[in-house]
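Build the 3D model from these lines:
(chains A and B)
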Amino acid sequence: DTAVSQTPKYLVTQMGNDKSIKCEQNLGHDTMYWYKQDSKKFLKIMFSYNNKELIINETVPNRFSPKSPDKAHLNLHINSLELGDSAVYFCASSQRGRLQETQYFGPGTRLLVL
Amino acid sequence: GQQLNQSPQSMFIQEGEDVSMNCTSSSIFNTWLWYKQEPGEGPVLLIALYKAGELTSNGRLTAQFGITRKDSFLNISASIPSDVGIYFCAGQPRNYGGSQGNLIFGKGTKLSVKP
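Residues are numbered from 1 along each chain as shown, chains lettered A, B, ... in the order given. Below you'll find the predicted structure:
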């Protein structure tokens, strides 16, 4: 059983299109995240959701919008895709504790914008 | 914003050699995590550290949470070809008031092992 799963694994699309990436976790965690990994392998957090509330929103263009239908899912919707959006997007989840937090990652979605 | 300094950036070693990498920060962290990422895959958690001074092993891997809470190291003993990958440190900073902050990642150490 996959703990954190993402679909699709690969996504190739044209500039200007709108696309969504789905993420599901079966760990019973209450917090989910989206990260972007650039060509230099640097991981940068984009969003996190805790109990259906957005609690982190870094300097990400508003073309990106996270949507969480329930605690086990956090989807990423991207409008008007640009060339610079090409990257690997990782979903992760964790169980928020008072001081400790361990995040588990999905396999990634490789997005290529042409 | 807060940053982690991870070094070295890359390592090229012979099979059987020991490996050491570390992360440092200018601020105090509550948690240190070490992940490994293989090509085409997501980061996989190797070791989690929650207390200053904590030393934890996972097979041939050993990691320590620095006493000052501002650093951590990861050692790999007797490296093998399947150790190849990018190793990331990640830390959860302690915000003002003691609350937990976002997880921050180092830039990774790329390990290459020659058989």
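
What parts of chain B come near chain A?
Chain B has residues B:30-31, B:33, B:35, B:37, B:40-45, B:48, B:50, B:86, B:88, B:90, B:92, B:100, B:102-103, B:105, B:107-108, B:110 near chain A, with proximity defined as C-beta under 8 Å from any C-beta of the partner chain. Every C-beta, even on glycine, is put in place using the N, C-alpha and C of the backbone.

try it again with 7 Å
B:30-31, B:33, B:41-43, B:45, B:48, B:50, B:86, B:88, B:92, B:100, B:102-103, B:105, B:107-108 (C-beta under 7 Å from any C-beta of the partner chain).

Can you tell me which residue of chain A sits closest to chain B?
Closest to chain B within chain A is residue A:105: 3.9 Å, counting by C-beta to the nearest C-beta.

Now do the same contact list for the spatially most central residue of chain A.
For chain A, the residue nearest the mean C-alpha position is residue A:34 (2.7 Å; C-alpha atoms, centre = their mean). Each residue near residue A:34 by C-beta atoms under 7 Å, 6 or more residues apart in numbering or on different chains is listed here: A:46-47, A:66, A:74, A:76, A:89, A:91.

Same question for residue B:38.
residue B:85.

mind listing the strands for chain A?
A:4-7, A:10-13, A:19-25, A:31-37, A:43-50, A:53-57, A:64-70, A:73-78, A:87-94, A:104-105, A:109-113 (DSSP state E).

tell me which residues form a beta bridge with the nearest residue to residue B:49 once chain neighbours are set aside?
Once flanking residues are discounted, residue B:49 sits nearest to residue B:65: 3.8 Å by C-beta to C-beta, 6 or more residues apart in numbering or on different chains. Per DSSP bridges, the residues bridged to residue B:65 are residue B:72.

what's the burial count for residue B:65?
24 (other C-beta atoms under 10 Å in any protein chain shown).

From residue B:25, how far out is it?
Distance, residue B:65 to residue B:25, by C-beta to C-beta, to the nearest Å: 12 Å.

What residues does residue 72 make contact with?
Just going to use chain A. Applying C-beta under 7 Å, 6+ apart to residue A:72 gives the contacts A:24-26.

switch to chain B, that's the one I care about
Contacts of residue B:72 (C-beta under 7 Å, 6+ apart): B:22-23, B:32, B:49, B:63-66, B:89.

Point me to the residue of chain B nearest chain A.
Residue nearest to chain A within chain B: residue B:42 (3.9 Å; C-beta to the nearest C-beta).

Setting aside sequence neighbours, what's the nearest residue to that residue?
Nearest one to residue B:42, counting by C-beta to C-beta, 6+ apart, is residue A:105 at 3.9 Å.

pLDDT wise, what is that neighbour at?
Turning to residue A:105, the model gives it a pLDDT of 93.

got it, and residue A:101?
67.

got it, and residue B:101?
56.

and what of the one 10 residues further on?
In the predicted model, residue B:111 carries a pLDDT score of 97.

got it, and residue B:4?
88.

Same question for residue A:17.
97.

Make sure it is actually in contact with residue A:79.
No. With contact defined as C-beta atoms under 7 Å, residue A:17 and residue A:79 do not form a contacting pair (8.9 Å).

okay, and for chain B, where does confidence drop off?
Counting by pLDDT under 70, the ranges of chain B that qualify are B:1-2, B:95-101.

Run a quick check on residue B:67 versus residue B:53, I expect a contact.
Yes. Assessed by C-beta under 7 Å, residue B:67 is found in contact with residue B:53 at 5.2 Å.

dump the residue contacts of residue B:20.
B:73, B:75.
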